[in-house]
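K.L.:
Next come a sequence and a model predicted from it.
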Amino acid sequence: MTAHEKPEPEDRHVPGVGGPGATDTGADGRSALRLHAGISVLAVLLTAFVTVLFATMLDAPVLAVVFGVVTLACLAWGLRAVQRLRAGDRPRGTDRAG
């Protein structure tokens with residue numbers, strides 16, 4: 001292997017899941033990733049609602065900013081879960097462009 005070649009990607013552990021199937025490509029890991037994505041959708045909706053509530057009705061801009069940051073964090077977590085699900089669907093050895 002030369003310095004420019006990438007090693008084969010390894011299955012990565014999914015947070016919150018244990019056992020032999022707790023990787024991106026394992027059944028338990030994929031189920032957990034789907035659960036993470038679903039929970040993050042609910043979290044984004046709820047925190048976005050609370051952000052708007054604090055910003056408009058309660059006139060609390062500091063709390064609106066705090067919940068806005070939490071909303072963005074939940075969105076990032078959900079997008080990462082979806083990305084890992086899609087990466088687990090690709091066969092080994094394929095690159096992102098292909």
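P.N.:
Arrived safely.
K.L.:
Could you list every helix and strand in contact with the helix or strand where Val69 lies?
P.N.:
Using DSSP states H and E, Val69 sits in helix 61-89. Under the contact definition 3 or more CB pairs under 8 Å, 6 or more residues apart in numbering; DSSP states H and E, helix 61-89 sits against helix 27-52. Every C-beta, even on glycine, is put in place using the N, C-alpha and C of the backbone.
K.L.:
quick check: angle from the helix it packs on to helix 61-89?
P.N.:
160 degrees (axes from the mean of the first three to the mean of the last three CA atoms, to 10 degrees).
K.L.:
Quick check: which helices or strands does helix 27-52 pack against?
P.N.:
By 3+ CB pairs under 8 Å, 6+ apart, helix 27-52 packs against helix 61-89.
K.L.:
So for the helix it packs on, what gets flagged as buried?
P.N.:
By 16 or more other CB atoms under 10 Å, the buried positions in helix 61-89 come out as 64, 67-68, 70-71, 74-75, 77-78, 81, 84-85, 88.
K.L.:
This completes my enquiry, with thanks.
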